[in-house]
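Asks: Sequence and predicted structure, then a few things I'm wondering about:
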Amino acid sequence: MRAFIPKSESELAGIIADAEAPLRIQGGGTRPFGRPVNGTRLSTSGLSGISLYEPGALTMVAGAGTPLAEIETALDAEGQRLAFEPMDHRGLLGSSGTPTIGGVIAANISGPRRIQVGAARDHLLGVRFVDGMGRAIKNGGRVMKNVTGYDLVKLMAGSFGTLGVLTEVSLKVLPKSRATGVLLLEGLEDMRAIEALSMALSSPYEVTGAAHVQKGLDGDPVTMIRIEGFEDSVAYRAGQLQKLLAGFGDFTVETDPVKTTAGWQWVRDVAPFHGRVGDVWRLSVKPGDAPGIMAGLPGTEALYDWGGGLIWVLSSENSPLSAGDITRAMAGNAGHATLIRGEASNGAFPRLSPAIAMLHAGLRQQFDPRQILNPGLMEPAA
Amino acid sequence: MVIFYYQSLLRGFQQRNCGAGIDKGALMEMPIPDPEIFSRKPELIAKLQQVMPKDAIISETSETRAYECDALTAYKCVPLAVVLPRSTQEVSDALRICHQMGVPVVPRGAGTSLAGGALPTADSVILGVARLNDVLETDYDNRFIRVQSGRTNLSVTGAVEENGFFYAPDPSSQLACAIAGNIAMNSGGAHCLKYGVTTNNLMGVTMVLMDGTITEIGGPYLDAEGLDLLGLICGSEGQLGVVTEATLRILRSPEGARPVLIGFDSNEVAGACVSDIIKAGVLPVAIEFMDRPCIRATEAFAHAGYPDCEALLIIEVEGSAAEIDEQLEIILEIARRHDPVELRESASPEESAKIWLGRKSAFGAMGQINDYMCLDGTIPVSQLPFVLKRIGEMSRQYGLDVGNVFHAGDGNMHPLILYDANKPGDLELCEAFGADILRLCVEVGGCLTGEHGVGVEKRDLMMDQYAADDLDIQMAVKDVFDREWLLNPAKVFPLVSSESRRI
Ligand SMILES: Cc1cc2nc3c(=O)[nH]c(=O)nc-3n(C[C@H](O)[C@H](O)[C@H](O)COP(=O)(O)OP(=O)(O)OC[C@H]3O[C@@H](n4cnc5c(N)ncnc54)[C@H](O)[C@@H]3O)c2cc1C
């Protein structure tokens, strides 16, 4: 099949300016979210490479098509990382390909550390993109603080290629922590687990991961709390948290770097759902509401991250979870839900209020008046 | 202390009037007021009186004068009227009426903007949210607070601190400035190296569009649905909608904090030390930098006992006592490698306060020497030594002294240019020097404003940072939210660029 693979921003601008039909914009193709787009594939893989990396300034600039692995390797060599811990969707979605930084940003992909350091969009300092008229645009820059004009950087993060095609991103990177400690406890039911996570997150001990998995490796529920930093500090905080949470049971502490890394990758990538049949929904809610919402979805299985604020829901094998089911379970609670895996031909994203939907339509009209960039991808789930 | 800065700042500026129209001689051009709007003032007031109590509307010039400027006091203009609503519904009603009548509206929080963001035009209505200052909900388990937007920054923390929580963004104007203004300007503070600026701590807003439509965006959960409108609104300088309520992330306070003071005999070495600390994996909550002119001025004024050296760093770390020791040990070890002329640890809260004293008095101290203009550009931290050197050279060319005191960890500089407001031509000279410094920031890969915003102050420099298309798409965003360009229309974009849209 025909595909566009521009090698430069100006080539991309030309392709878009000349396009007469919709384009399906693709980074690594590992995150096929939303309503499938009918259009010619446009790959950013030719816009690849790290153009600037200043470890002392905590900044990196890279082409949108740069493989995430290349970025992580370069950062690793300097003891740094993308602190927002982007998830790898391949296991959950059964997709293949090479995740790119542009894809991470376009979908605003963050992992467990999001609760402490913010989302992908909070680490995005600047963008270059080509809009739907083929204009090359820049916004933001490569400095930590910038309020010069409107923040289109945030707007582009999480716009799923519907406002423009990212060509270059500049990122705030952060030092890796020297040590990690993970507190673990098995057997808590959801309500108690979320209470424990809330208590940990409301403590001064700087929790950087707070998850509860209904079915852990051995089938029992497991509650996990992560702290990171210098060694003595991690040991001190782990001890304090054990004391603080004693009422919930005896949390054990794991500090083996291989095990702690693997454990949080397991949470980050929603590994307990890998290779299993069923729809997967992603709910963003007020943490305390999470167990109640799940109680309204009998027969499903949950992995709670972000202290309960993020729920990954897996439907039972034979009964798909419809948008209606989710809406009913969430009724009266703040938050939103996105269908991540399942029948999405009618849409997968949260439904918006009429006023907000109007603003979305207005922005799309301005950025892509011909509606050729991933049209319909962000349609609400029906 | 904050009030003190504020006053010295106010004193610092000479006044320019918009008069009935505009003062053609002034450097800051504003759109010509619409005479047709003046003639309909009685009708406008009568309509507003139908939707809100009389005491919420101010229309006598003697009283509206209080709203003629914000903290950029060089520019003043008395607005047509002022409304001070007490509810989101009243905000909506007022906006709907102004929209129907085609009257421009300038939203206002506490009026501490240093960029002229809340500066009125003579034909505009100031919509002040100062009376919307309640706490609506506090939730410690889920770690958020919902407030009305006129609440001051410090009183947000004030509402949660007895439970051991705080709201992280802490602009030095925090005693006075409102959450509304913080959101509009995406304000930062001394602790944003670790905790981020307003946009990183904002979870949701209630916002009224110019036509009166009330919208809810985000809420007490992470990553609002759909396109990131929350991120777009934060920093939009009151041009997209009027924020009436906000859901903010609150954090548990650390167990303790302690600063260390390090003096160097060159800016380069101080800059290298900052970079090495960051590379070593320590993330202090604050890294503040002062150069010699600033150190001397503060020493003479506040007697903080600072060494007389070229560059001074104040670095603060947080945590339990043991954690603080652990981090400071690493920092001090790095600092020693750079041959500091002074290395001062703190052994008590009093000593900590003394270390901070000079830094906190810096603006006031500079104000003692002369009038000053406070700039706010950001540069890549690697460019710090070069930029400081260039500023020094320019200072000699312009014949105006400049002191630098700023957040070094994130490259957000605040050069303070000293000038004499009573000396004809000095302010203009100072403004030209300031513009050159900001252009330098852009040239080395930085930007025109790190936290104060564009407002009217940096409006005409926008073309130095952005190409025509870059600005056009930003203005196209405003078209979506405010098609008629009635909301704070004369700000952010060069007037020539926005002219065709402002009708
Ligand atoms: C002494 C001093 C120190 C300062 N220190 C810092 C600092 O450390 N960091 C920093 O970032 N800033 C600082 N500032 C700048 C200023 O305090 C901030 O920009 C602050 O956020 C402005 O808040 P405000 O409520 O006073 O807003 P205002 O000055 O009233 O308005 C600012 C802008 O917000 C818009 N606005 C106001 N209310 C609304 C609303 N409800 N909806 C939509 N838009 C609205 C206005 O139209 C205007 O464009 C300082 C200022 C002073 C005077």
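Replies: Here it is on my side, so go on.
Asks: OK, contacts around B:Gly204?
Replies: Counting by CB atoms under 8 Å, 6 or more residues apart in numbering or on different chains, B:Gly204 touches B:146, B:216-220, B:224, B:230, B:246-247. Every C-beta, even on glycine, is put in place using the N, C-alpha and C of the backbone.
Asks: Give me the nearest residue to it, chain neighbours excluded.
Replies: Nearest in space to B:Gly204, with sequence neighbours left out and distances taken as CB to CB, 6 or more residues apart in numbering or on different chains, is B:Gly218 at 3.3 Å.
Asks: next helix or strand past the helix or strand containing the one you found?
Replies: Element membership for B:Gly218, per DSSP states H and E: strand B:214-218. Reading on from strand B:214-218 to the C-terminus, the next helix or strand found by DSSP H and E is helix B:229-233.
Asks: so what does that next one touch, helix or strand wise?
Replies: Secondary-structure packing of helix B:229-233 (3 or more CB pairs under 8 Å, 6 or more residues apart in numbering or on different chains; DSSP states H and E): helix A:152-156, strand B:202-208, strand B:214-218.
Asks: Redo the ones you listed as JSON lines? Include distance to B:Arg502 and mean pLDDT.
Replies: Formatted as JSON lines, the helices and strands packed on helix B:229-233 follow (distance: least, CB to CB, whole Å; pLDDT from 0 to 100):
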{"stretch": "helix A:152-156", "distance to B:Arg502": "21", "mean pLDDT": "98"}
{"stretch": "strand B:202-208", "distance to B:Arg502": "21", "mean pLDDT": "98"}
{"stretch": "strand B:214-218", "distance to B:Arg502": "23", "mean pLDDT": "98"}
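Asks: and those, which is most packed in?
Replies: Of the helices and strands packed on helix B:229-233, the one with the most neighbours on average (mean count of other CB atoms under 10 Å in any protein chain shown) is helix A:152-156, at a mean of 27.
Asks: Flag every residue of the stretch 101-250 of chain B that's near chain A.
Replies: B:139-143, B:164-165, B:185-186, B:188, B:192-193, B:196-197, B:199-200, B:209, B:213-217, B:219-232, B:234-236 (CB under 8 Å from any CB of the partner chain).
Asks: Give me the buried subset of the residues you listed.
Replies: Buried residues within these, counting neighbours by 16 or more other CB atoms under 10 Å in any protein chain shown: B:139, B:141-143, B:165, B:185-186, B:188, B:192-193, B:196-197, B:199-200, B:209, B:213-217, B:219-232, B:234-236.
Asks: Run a quick neighbour tally on the residue of chain A found nearest the ligand.
Replies: The ligand sits closest to A:Val147 of chain A, with a gap of 7.9 Å, by CB to the nearest ligand atom. Per other CB atoms under 10 Å in any protein chain shown, the neighbour tally for A:Val147 reads 32.
Asks: And it, how close does it get to B:Val91?
Replies: 24 Å (CB to CB, to the nearest Å).
Asks: try B:Thr121
Replies: Distance from B:Thr121 to B:Val91, counting by CB to CB: 20 Å.
Asks: do B:Ala476 as well
Replies: 25 Å.
Asks: Tell me which of those two has more neighbours.
Replies: Using other CB under 10 Å, the more surrounded residue of B:Ala476 and B:Val91 is B:Val91, with 28 against 17.
Asks: buried ones in the host helix or strand of A:Ile115?
Replies: A:Ile115 belongs to helix A:114-117 when assigned by DSSP H and E. Within helix A:114-117, the residues that count as buried by 16+ other CB under 10 Å are A:114-117.
Asks: Give me the subset of the residues you listed that also touch chain B.
Replies: A:114-115.
Asks: same for the one helix or strand B:Leu328 maps to, what does it pack against?
Replies: Using DSSP H and E, B:Leu328 sits in helix B:321-337. Secondary-structure packing of helix B:321-337 (3+ CB pairs under 8 Å, 6+ apart): helix A:231-244, strand B:257-264, helix B:267-279, strand B:311-318, strand B:342-345.
Asks: Check which residues of the first one are buried.
Replies: Neighbour-count burial for helix A:231-244, with 16+ other CB under 10 Å as criterion, is recorded at A:233-238, A:240-242, A:244.
Asks: Likewise for stretch B:492-503?
Replies: So stretch B:492-503, judged by 16+ other CB under 10 Å, has buried residues B:492-495, B:497-498, B:501.
Asks: Helices - which of those land there?
Replies: Among these, the members falling in helices (DSSP state H) are B:495, B:497-498.
Asks: how many neighbours does residue 76 have?
Replies: No chain specified, so I'll use chain A. For A:Asp76, the neighbour count with other CB under 10 Å is 11.
Asks: Oops, wrong one, chain B.
Replies: Applying other CB under 10 Å, we find 21 residues neighbouring B:Lys76.
Asks: in the sheet, who's paired with A:Gly225?
Replies: If you look again at residue A:225, you'll see it is Ile, not Gly. Note on A:Ile225: beta-bridge partners A:Leu183, A:Ala210, judged by DSSP bridges.
Asks: contacting residues around it?
Replies: A:182-183, A:196-197, A:200, A:207, A:209-210, A:241, A:245, A:251.
Asks: Now tabulate the residues you listed in TSV and tack on distance to the ligand.
Replies: Formatted as TSV, those follow (distance: CB to the nearest ligand atom, whole Å):
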residue	distance to the ligand
A:Val182	37
A:Leu183	37
A:Ala196	37
A:Leu197	33
A:Ala200	31
A:Val207	28
A:Gly209	31
A:Ala210	31
A:Leu241	34
A:Leu245	37
A:Phe251	40
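Asks: Could you check the pLDDT of the residue of the stretch 201-350 of chain B at minimum distance from chain A?
Replies: At 2.5 Å from chain A, B:Gly231 is the closest residue in the stretch 201-350 of chain B, using CB to the nearest CB. Predicted confidence (pLDDT) for B:Gly231: 98.
Asks: swap in B:Arg16?
Replies: The confidence metric pLDDT takes the value 49 at B:Arg16.
Asks: Please apply the same query to B:Ser346.
Replies: On pLDDT, B:Ser346 comes in at 93.
Asks: so the nearest residue to it once chain neighbours are set aside is in which element?
Replies: Ranked by CB to CB, 6+ apart and with sequence neighbours excluded, the top spatial neighbour of B:Ser346 is B:Ser352, at 4.4 Å. According to DSSP H and E, B:Ser352 maps onto helix B:349-369.
Asks: For chain A, tell me which of the buried residues of stretch B:492-503 show up nearby.
Replies: Counting by CB under 8 Å from any CB, B:492-493 from the buried residues of stretch B:492-503 sit close to chain A.
Asks: Please render the buried residues of stretch B:492-503 as JSON lines that adds pLDDT and distance to B:Ile324 to the earlier fields.
Replies: Listed next are the buried residues of stretch B:492-503 as JSON lines, based on pLDDT from 0 to 100; distance: CB to CB, whole Å:
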{"residue": "B:Val492", "pLDDT": "97", "distance to B:Ile324": "42"}
{"residue": "B:Phe493", "pLDDT": "97", "distance to B:Ile324": "46"}
{"residue": "B:Pro494", "pLDDT": "96", "distance to B:Ile324": "48"}
{"residue": "B:Leu495", "pLDDT": "95", "distance to B:Ile324": "51"}
{"residue": "B:Ser497", "pLDDT": "95", "distance to B:Ile324": "50"}
{"residue": "B:Ser498", "pLDDT": "95", "distance to B:Ile324": "50"}
{"residue": "B:Arg501", "pLDDT": "94", "distance to B:Ile324": "53"}
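Asks: ok, of the buried residues of stretch B:492-503, which one's closest to chain A?
Replies: For those, the minimum distance to chain A (CB to the nearest CB) is 6.4 Å, reached by B:Val492.
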